[in-house]
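Enquirer: Sequence and predicted structure below; questions after.
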Amino acid sequence: MKPNIEKIVSKWLKKLAIPTSKSFIKKQLRSHPEYPSLVSITDTLDELGIDNASLVVDKERIGEIPTPFLAHITKDGGNLLLVTDIQDTKKQVPDFLNAWDGIVLVAEKPLELLHTENAKELAKEKKQRELQLFAIVSIILLSFGSLLTNFSWTAFALLATTLAGCFVGVLLVQHELGIDNAVTEHLCQTGRHTDCDAVLDSKKS
């Protein structure tokens, strides 16, 4: 299993609508003595008070597994695959059933998540994203003000480019804050290689 499971786990928990901090998940997993095994994930979920189970399922009964879930695949030396829709997964990964060894990890959203450190890290991340959103909106307003006082087609073209970038930036920040909408979902799922989370988690981002 490759050491990128913290991103997969964070995305999975987000799909389950469980409010968890990416930095907390990353720290817990990487500090686990058996990282990056499934045990490191289940122990992290137990620490957070999230009910979970690691199961071995017959491939013929895959349709009975509640989505989203994590599937262990033997491809590329072993890895985890987030399955949100079984039919979509089969289309995106044609050899999924052959690569999947029958092991799945499922979890259930708790009525209330009570974990002080996670809540603290989550609040910090949310504040950072809100500051980014504020900065983007400020740039838009200042750009409009500058254009109105000194109009030119060159300035207009630059403003249009800036606004397009800011628009995408706002959508990405909203995505990070958990404020998803139809436009964001469409942009993040336009193709099998399109992944907003991969972009947001990259060093360049």
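Expert: Okay, I see it.

Enquirer: Could you list every helix and strand in contact with the longest helix along the chain?
Expert: The single longest helix within the chain, with elements called by DSSP state H, is helix 116-149. Secondary-structure packing of helix 116-149 (3 or more CB pairs under 8 Å, 6 or more residues apart in numbering; DSSP states H and E): helix 22-30, helix 153-177. From N, CA and C alone the C-beta is placed, and that goes for glycine too.

Enquirer: Same question for the first one: list its buried residues.
Expert: For helix 22-30, a neighbour-count test (16 or more other CB atoms under 10 Å) marks 22, 24-26, 28-29 as buried.

Enquirer: any idea which of the residues you listed is the one closest to Gly78?
Expert: Gly78 has its nearest neighbour among the buried residues of helix 22-30 in Leu29, at 15.9 Å by CB to CB.

Enquirer: got a list of what that closest one touches?
Expert: Counting by CB atoms under 8 Å, 6 or more residues apart in numbering, Leu29 makes contact with 5-6, 9, 35-36, 40-41, 44.

Enquirer: Turn those into TSV, columns for secondary structure and pLDDT.
Expert: Converted to TSV, the contacts of Leu29 look like this (DSSP: H, G, I helix; E, B strand; the rest coil; pLDDT from 0 to 100):
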residue	secondary structure	pLDDT
Ile5	helix	88
Glu6	helix	89
Val9	helix	94
Tyr35	coil	91
Pro36	coil	87
Ser40	helix	94
Ile41	helix	95
Thr44	helix	95
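
Enquirer: Mind putting these into a markdown table with distance to Leu16 and neighbour count?
Expert: Compiled in a markdown table, the contacts of Leu29 are given as follows (distance: CB to CB, whole Å; neighbours: other CB atoms under 10 Å):
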| residue | distance to Leu16 | neighbour count |
| --- | --- | --- |
| Ile5 | 16 | 24 |
| Glu6 | 16 | 23 |
| Val9 | 11 | 26 |
| Tyr35 | 21 | 18 |
| Pro36 | 20 | 21 |
| Ser40 | 18 | 21 |
| Ile41 | 13 | 28 |
| Thr44 | 14 | 25 |
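
Enquirer: and which of the residues you listed is nearest to Val168?
Expert: Closest to Val168 out of these is Glu6 (25.1 Å), distances taken as CB to CB.

Enquirer: doesn't Ile25 make contact with that closest one?
Expert: Yes: with contact defined as CB atoms under 8 Å, Glu6 counts as touching Ile25 (5.5 Å).

Enquirer: Any regions of this structure where pLDDT drops low?
Expert: 1-3, 146-148, 150-151, 153, 155, 173-205 (pLDDT under 70).
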